[in-house]
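Peer 1: Predicted structure and sequence below. I'll ask about it afterward.
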Amino acid sequence: MDWEPLRQQLEHILQVPVRLSKWTWEQWLREADTEAKGKGAPPKSLSNDQQVVFLVHKEAQEALVLTVEAGGLTASERQLVELMLESRRVQDKKPAVSVSEEERKVGMVRDWFKQQQDVGLSNAEMPDTLVSQLSLYTTKIPLLLYGDYSQSRKVSYQELKKLLESFFEAEIILIPLMDKEWLILGSEKMLSMDGADEKEYGEEDSLEDTLAAIGYGLHEMLENEWVGECHLAIHYPIIPSKSLYATVLQLRETMMLGRTYHMGNNMHLPWMLQLEKLINLIPEAEKTNFLERVLKRLDVALDTETMTTLEQFFQLDCNVSETAKKLYIHRNTLLYRLDKFKQETGLDVRTFNDAVLVKIALLLYKVTKRK
C-alpha cells in the first residue's frame, strides 16, 4: 500500500516536516517497552528530546513509522495524530466487502458508461466482451430509477435486485450507473405479465399503455418499500447490444423533462413528453418573449385556481362536461372561469389554436416562475 499520501496529508495539516521510514519490529517493541515503563498500557507513539515517532503499519518483522520533530507538535496535535493512525489501522483490518461475480460484471458496464460520458459520445455501442457477459443480445424493457433516499437508508445492490425480482417474478439485470441512479433491464415477457393475449400489444398505443402500467405498478411498490421519494422512467423495448447507451441518455432526458415541466409527477413516460422535449430546445429569451406575447397579464390570469382548471381541461381533451365532473364544479362555473380567462388574455381555450398556445404557455410559465 502507498503510504506517501498519508505522510503528505499530515505534513499539510501539521505544517512541519514529516518523514516516513522503516524500523525493525524488534526495535519498535524495544523502544515502546522502554517508554511504557511505569505507565501501564503500551504507548501509541514514542518521543525523546529530538523527535516523536508514530507507528503507521506493521508487516512481517518490519514497522512503518512517521517521524516529526519534537518541537513541531503540541500535546493535543500528538493525540490527534495517534487517533488518526489508530483509526486507519482499524479500518485496514476490516475484511473487504465481498462482491459477487454478477456485481463485478455490472460494475464493468457502469465503468464503460462513465468512459463514454467522459468523452462525450452519444451513440456508442458496447463491446462484445461486455454484451456477452450479461447476455444483452435479447430484447429487454429498460427502466431508469432514481431513488431520492437518504444516505442512512442507502439501498444495496443485492437488496434492490431482490426487491425488483420479487415484483416482476422474473430475473432482471440491474446496473448501478451513478449514486442513487439504477438501470433496470427486464425481460420482454413483462409485457404479458398480466396474462393478456399477446396480440393485444400489436398496436402502438396498447404497447404504451402496457409499459405505463408496468412503470406505475413498479413505482407504487418502490414508494411503499423505500424511505423517500423516487423517480422512474420507462422506454420502449430495445436490444441492449445495439442501443443501450443511447437509451440511457434518452431515459435521463425523459426524467429531466418530467421533473422540470411536471413537478409532483414521479413517473415519466417519453411519449407523454414530446411537446416538452420540443419546447425545451427553445432559447430562454425566446421562451420569455413568447410568454409576454401570448399571456400579457401572467400573474393575474394564471392564479392557482385557473392553472388547475386549465390543466384538467387539457388533460381531458378540452371536454367541458368531463372537466367539470373532475373538478367537482357545475358546468356553468367552468364556463365562467374559461370566459374570464378569455377576457383577461384574449384567448379562448375552447378553440384549437388558442388551446395549443395556452398549453405551451402553461408549460413555459411553470418553468420560468421557478427561476
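Peer 2: Received the coordinates, thanks.
Peer 1: quick one: residue 147 is in a helix?
Peer 2: No. Residue 147: not assigned to a helix; according to DSSP: H, G, I helix; E, B strand; the rest coil it is strand.
Peer 1: what bridges to it?
Peer 2: Beta-bridge partners recorded for residue 147 (DSSP bridges): residue 230.
Peer 1: Now for it, how many residues are close by?
Peer 2: 20 (other CB atoms under 10 Å). The C-beta positions use only the backbone N, C-alpha and C, and glycine is treated the same way.
Peer 1: how about it, what does it touch?
Peer 2: Counting by CB atoms under 8 Å, 6 or more residues apart in numbering, residue 147 touches 155, 180, 182, 222, 226, 228, 230.
Peer 1: lowest-confidence helix or strand of the chain?
Peer 2: Of all helical and strand segments in the chain, the minimum by mean pLDDT, DSSP states H and E falls on helix 298-301, at a mean of 63.
Peer 1: Tell me the helix or strand right after it.
Peer 2: Per DSSP states H and E, helix 298-301 leads on to helix 304-315 as the next helix or strand towards the C-terminus.
Peer 1: Can you mark which positions in that following helix are buried?
Peer 2: The neighbour-count check on helix 304-315 (16 or more other CB atoms under 10 Å) flags 306, 309, 310, 312, 313, 314 as buried.
Peer 1: Dump it to PDB, restricted to CA.
Peer 2: The C-alpha trace of helix 304-315 is given here as PDB (Å, rounded to 0.1, in the frame of the first residue of the first chain):
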ATOM      1  CA  THR A 304     -53.800  28.700  -8.700                       C
ATOM      2  CA  GLU A 305     -57.500  28.100  -9.500                       C
ATOM      3  CA  THR A 306     -57.100  29.000 -13.200                       C
ATOM      4  CA  MET A 307     -53.900  26.900 -13.500                       C
ATOM      5  CA  THR A 308     -55.700  23.800 -12.100                       C
ATOM      6  CA  THR A 309     -58.800  24.400 -14.300                       C
ATOM      7  CA  LEU A 310     -56.800  24.700 -17.500                       C
ATOM      8  CA  GLU A 311     -54.600  21.700 -16.700                       C
ATOM      9  CA  GLN A 312     -57.600  19.500 -16.100                       C
ATOM     10  CA  PHE A 313     -59.300  20.900 -19.200                       C
ATOM     11  CA  PHE A 314     -56.300  20.000 -21.400                       C
ATOM     12  CA  GLN A 315     -55.800  16.600 -19.700                       C
END
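Peer 1: Was I right to think residue 367 contacts residue 260?
Peer 2: Yes. Counting by CB atoms under 8 Å, residue 260 is a contact partner of residue 367 at 6.2 Å.
Peer 1: Show me where the stretch 51-200 of the chain has its strands.
Peer 2: With DSSP state E, counting those that start in this stretch as the criterion, the stretch 51-200 of the chain has strands at 51-59, 62-69, 140-148, 173-178, 181-187.
Peer 1: of these, which approaches residue 267 most closely?
Peer 2: strand 140-148 (10.4 Å; CB to CB).
Peer 1: Report the buried members of the contacts of residue 147.
Peer 2: 155, 180, 182, 222, 226, 230.
Peer 1: Tell me the spacing between the second one and residue 216.
Peer 2: The reference is to residue 180. For residue 180, the distance to residue 216 equals 21 Å [CB to CB, to the nearest Å].
Peer 1: cool, the third one as well?
Peer 2: When CB to CB is the yardstick, residue 182 and residue 216 sit 18 Å from each other.
Peer 1: Next: the last one.
Peer 2: Using CB to CB, residue 230 is found at 13 Å from residue 216.
Peer 1: Could you do the fifth one as well?
Peer 2: Between residue 226 and residue 216 the computed distance is 16 Å (CB to CB).
Peer 1: Show me what counts as buried in stretch 111-121.
Peer 2: 112, 113, 116, 117.
Peer 1: In helices, which of those residues fall?
Peer 2: Applying DSSP state H to the buried residues of stretch 111-121, the entries found in helices are 112, 113, 116, 117.
Peer 1: check contacts around the second one.
Peer 2: For residue 113, the contacting residues are 175, 177, 245, 248, by CB under 8 Å, 6+ apart.
Peer 1: Now distance to residue 76 too, for those residues, in a markdown table please.
Peer 2: As requested, these are arranged in a markdown table below (distance: CB to CB, whole Å):
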| residue | distance to residue 76 |
| --- | --- |
| 175 | 48 |
| 177 | 44 |
| 245 | 53 |
| 248 | 51 |
